[in-house]
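Participant: could you work out the structure for the sequence below:
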Amino acid sequence: SLAMDSGAPAKNNAEMLPDGTNPEGVDPVPPLNWTSKSDLKDVVIYGNLMSPPVVKIRHHLGFAGVEYKCVARKPNSQPTGSYQKIPSMEVNGRVVNDSYVIVKHLLPALYPDSDAKDLASGWEAKITYGLQLAMEAEVFEDPDMLGPLLQMVGMPSFLAFF
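Facilitator: The predicted model follows:
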């Protein structure tokens, strides 16, 4: 099975963002310690509802029966904090940034059974490196699809023609 762990150790506190959250691709410090669905309380996802990484996180949570709230945000519009990309996710008052890092820590908590975890990790790889990339390539190659996407994230649709 394909594992989500890159094998790289989490970086130390000195490498966290000034607001204490994790930068892109970096495991949060201190560790999240999400071990089961019961650890996932007061979940809020920040990002565009149609963003493929946000949709992926929403579907994992929904499939596992974890309640969550989604707050629509565009990149560079986070009200506080140093991380301005989407998505970010708040759990129990703690913010975690970057869909890769979020899903990497979310899957073991949502699917603690090793067979389920292996299956979820396999699907995660197919979605991230197959479906999501194919969707993005399709959208960016077709100005009719790119214009509405650009508007959805707050950019003028005429940029699709450049």
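
Participant: next up, the contacts around Thr21.
Facilitator: Pro28, Gly81, Ser82, Tyr83, Ser88, Val95, Val96, Asn97 (CB atoms under 8 Å, 6 or more residues apart in numbering). C-beta here means a position set from N, CA and C on the backbone, and glycine is covered the same way.

Participant: next one: the first one from Glu15, what distance?
Facilitator: With the distance defined as CB to CB, to the nearest Å, Pro28 ends up 11 Å from Glu15.

Participant: just the strands in the chain please.
Facilitator: Along the chain, the segments classed as strands by DSSP state E run 43-46, 68-71, 88-91, 94-97.

Participant: using CSV, write out every CA atom in the third one.
Facilitator: Right, strand 88-91. The C-alpha coordinates for strand 88-91 follow below in CSV (Å, rounded to 0.1, in the frame of the first residue of the first chain):
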residue,chain,number,x,y,z
SER,A,88,-6.6,25.1,6.4
MET,A,89,-8.6,23.3,9.1
GLU,A,90,-9.3,24.0,12.7
VAL,A,91,-9.8,21.1,15.1
